[in-house]
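**Q** structure here, sequence nowhere to be found:
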């Protein structure tokens, strides 16, 4: 199969969308498929045997800390020259929308996937909430072009359906259970992440440091509790502001990590904390589970699809500090903590990237067949 993926983000960027697409591309090329990725030009021309075509990016006024590529007419010619069997438009709002319209124009089967919940993010950037109706209109229009649409969680699928998006399915999630594993726990890493106080209850957050991750909501908890240390692993536009906000607390900002170092940071903690309620899935939750960590997550549709309270993690009500304290206090029960650790690892072992990518291939085949029938 010849597969063209048009995406708003790809390597070397690091986020959940890139993680999913990177594993998919690697799986597809290993299976003998020919893959081309069209993405913002960040200097990459090839990935695991797939050609990467870069389109010049720009900085947007409402999100100045990351570069995006606007809709571009050259995408049509690139797709025409490649002659793909399927076009996958990942988040068809900016660059990927050009892929969606090119597929429709060239009568090529089209699959569109929804990863970033832009309308919810706009609530966090107050000056731009006036644009939400226009964004929803564009989301609905662009996804209407697709033969098959994918959401990353059942709750996101329901919300999209309520806004009139059709032909929706939920794509399987994945995690690398060899890369993320309890065996990578390290006393040295724990010493580092607790600032020399390994006896404290170590919570770790891993992700891009941006406003939509809602890390700032953890600050009051550290004012109340001297028994907790928080390691905020990652980098991003919000880092300096967060470092200032958390100054004088038991919070540490070790910066960006990857590979063995990241695996050790996960496994050396007592729990993984996930305060965001804007994510469409939160793949990092599975990485925490694979590392044998109880996940302490704010309740939202997507988190409740992954975390069962008291079984493989602990849930709290977003914005409710007493609820967060209750969840953290439950971690003090050694028996419950060990039960959750074991169940979390068992849950993660169900979700390999190979199976998730094969699931995506089946949706490609479904889109091709549906397009053929409707032609």
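**A** Structure's in. What do you need? Because the structure is a prediction, the values reported are computed rather than measured.

**Q** CA atoms for contacts and neighbours, from now on please.
**A** Will do.

**Q** make sure residue 364 is actually in contact with residue 86.
**A** Yes. Taking contacts as Cα atoms under 8 Å, residue 364 lies within contact range of residue 86: 6.7 Å.

**Q** what sits in contact with each of these two?
**A** Residues touching both residue 364 and residue 86 (Cα atoms under 8 Å, 6 or more residues apart in numbering) are residue 111.

**Q** how deep is the closest residue to residue 123 other than its chain neighbours tucked in, by neighbour count?
**A** Leaving aside its sequence neighbours, residue 123 sits nearest to residue 129 (Cα to Cα, 6 or more residues apart in numbering; 5.6 Å). Residue 129 has 15 neighbouring residues, counting by other Cα atoms under 10 Å.

**Q** list the contacts of residue 129.
**A** Per Cα under 8 Å, 6+ apart, neighbours of residue 129: 119, 122-123.

**Q** go again with 10 Å.
**A** Residues in contact with residue 129 (Cα atoms under 10 Å, 6 or more residues apart in numbering) are 119-123, 135.

**Q** please pick the buried ones from those.
**A** The neighbour count (16 or more other Cα atoms under 10 Å) marks 119-122, 135 as buried among those.

**Q** ok, those residues vs residue 266, which is closest?
**A** Residue 266 lies nearest to residue 121 out of these, by Cα to Cα, at 26.5 Å.

**Q** as CSV, the buried ones among the contacts of residue 129 with secondary structure, distance to residue 254 and pLDDT would be great.
**A** Below are the buried ones among the contacts of residue 129 laid out as CSV (DSSP: H, G, I helix; E, B strand; the rest coil; distance: Cα to Cα, whole Å; pLDDT from 0 to 100):
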residue, secondary structure, distance to residue 254, pLDDT
119, helix, 31, 82
120, helix, 29, 78
121, helix, 26, 73
122, helix, 29, 76
135, helix, 36, 92
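
**Q** and which of these is nearest residue 247?
**A** Taking the buried ones among the contacts of residue 129 together and measuring to residue 247 by Cα to Cα, the closest member is residue 121, at 26.1 Å.

**Q** can you classify the nearest residue in space to residue 3 that is not next to it in sequence by secondary structure?
**A** Excluding the flanking residues, the one nearest residue 3 by Cα to Cα, 6+ apart is residue 35, at 4.8 Å. Here residue 35 is strand, with the state taken from DSSP: H, G, I helix; E, B strand; the rest coil.

**Q** measure residue 35 to residue 5 for me?
**A** Distance of residue 35 to residue 5, given as Cα to Cα, to the nearest Å: 8 Å.

**Q** thought the residue nearest to residue 3 was touching residue 22?
**A** No. Between residue 35 and residue 22 there is no contact, the gap being 11.5 Å when judged by Cα atoms under 10 Å.

**Q** show me which of those two is the more surrounded one.
**A** Per other Cα under 10 Å, whichever of residue 35 and residue 22 has more neighbours is residue 35, with 22 against 19.

**Q** residues contacting the more buried one?
**A** Counting by Cα under 10 Å, 6+ apart, residue 35 has contacts 1-5, 25-26, 28-29, 47-52, 82, 84.

**Q** again, but for residue 275
**A** Per Cα under 10 Å, 6+ apart, neighbours of residue 275: 205, 212-218, 296-300, 303, 315-319, 324.
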